[in-house]
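Q: Need coordinates for the following:
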Amino acid sequence: MLRILRKTQRVGVITEPLPEDGELALEQVGAQLKARVGEMFGGSLAIREVDAGSCNGCELEIHALNNPYYGIERFGVHFVASPRHADMLLVTGPVSRHMEAALKRTYEATPDPKLVIAVGECGANGGEFGVSYASCGAVANVVPVDAVILGCPPTPLKLMLGILEAIGKRARR
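A: As a prediction, the model looks like this:
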């Protein structure tokens, strides 16, 4: 234990520097998101995240939305454990054959009107897995998709922009 503490004292804390303009962009997107959530969902957007067979890269970025830096809850967006309480589904990964029925049940359990966002390259088009004996490929091959957030994995800021875009599409409908 003392060896680790001495090394930490000698080397110091090593972290990535925050992006110069990242905080400003985050606050601008967050303000837009909060305003849109306020008018469309009465101030609170409930999201159910579904891992349909991903490598967990997208999940790590989605989980980062709840950390103190991004703090998406301050903009009126929160994650729920049940699809029955959700307004939106964030689906990650190529849909594996084992998750196909579960994703369909989750989609059906989500009350209307619902939004579905396919997250990452795998969710958008099956990624490197494509369609095979073990994979249905893109999320759109299993359930209707309203928006796609590209990236492998997409950054938390891209995720926020994608959520904002999906809400905007719903408002135009």
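Q: End to end on stretch 103-123, go ahead and measure it.
A: End-to-end distance for stretch 103-123: 12 Å, by Cα to Cα, to the nearest Å.
Q: Longest strand in the chain, by number of residues?
A: strand 45-51 (DSSP state E).
Q: now what about it, what contacts it?
A: 37, 59, 62, 76-83, 85-93, 99, 103, 106, 110, 163, 167 (Cβ atoms under 8 Å, 6 or more residues apart in numbering). Glycine gets a C-beta too; all of them are placed from N, C-alpha and C.
Q: can we see that at 6 Å?
A: 37, 59, 62, 77, 79-80, 83, 85-93, 106 (Cβ atoms under 6 Å, 6 or more residues apart in numbering).
Q: Could you give me the PyMOL syntax to select whichever of the residues you listed are buried?
A: Buried residues within these, by 16 or more other Cβ atoms under 10 Å, are selected in PyMOL with:
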select buried, resi 37+59+62+77+79+83+86+87+88+89+90+91+92+93+106
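Q: In the sheet, which residues pair with the closest residue to Ser82 other than its chain neighbours? Tell me.
A: Spatial nearest neighbour of Ser82, chain neighbours left out: Arg48 (7.1 Å); criterion: Cβ to Cβ, 6 or more residues apart in numbering. Beta-bridge pairing of Arg48 under DSSP bridges involves Leu89.
Q: Arg48: neighbouring residues, count only.
A: 21 (other Cβ atoms under 10 Å).
Q: Distance check, it against Lys169.
A: Between Arg48 and Lys169 the computed distance is 19 Å (Cβ to Cβ, to the nearest Å).
Q: can you give me the helices for this protein?
A: Here the chain has its helices, by DSSP state H, at 2-11, 22-41, 57-64, 97-109, 120-125, 156-172.
Q: between these, which gets nearest to Val145?
A: Proximity to Val145 (Cβ to Cβ) singles out helix 120-125 among the helices of the chain, at 8.3 Å.
Q: so what secondary structure elements neighbour the closest one?
A: Packing partners of helix 120-125 (3 or more Cβ pairs under 6 Å, 6 or more residues apart in numbering; DSSP states H and E): strand 88-92.
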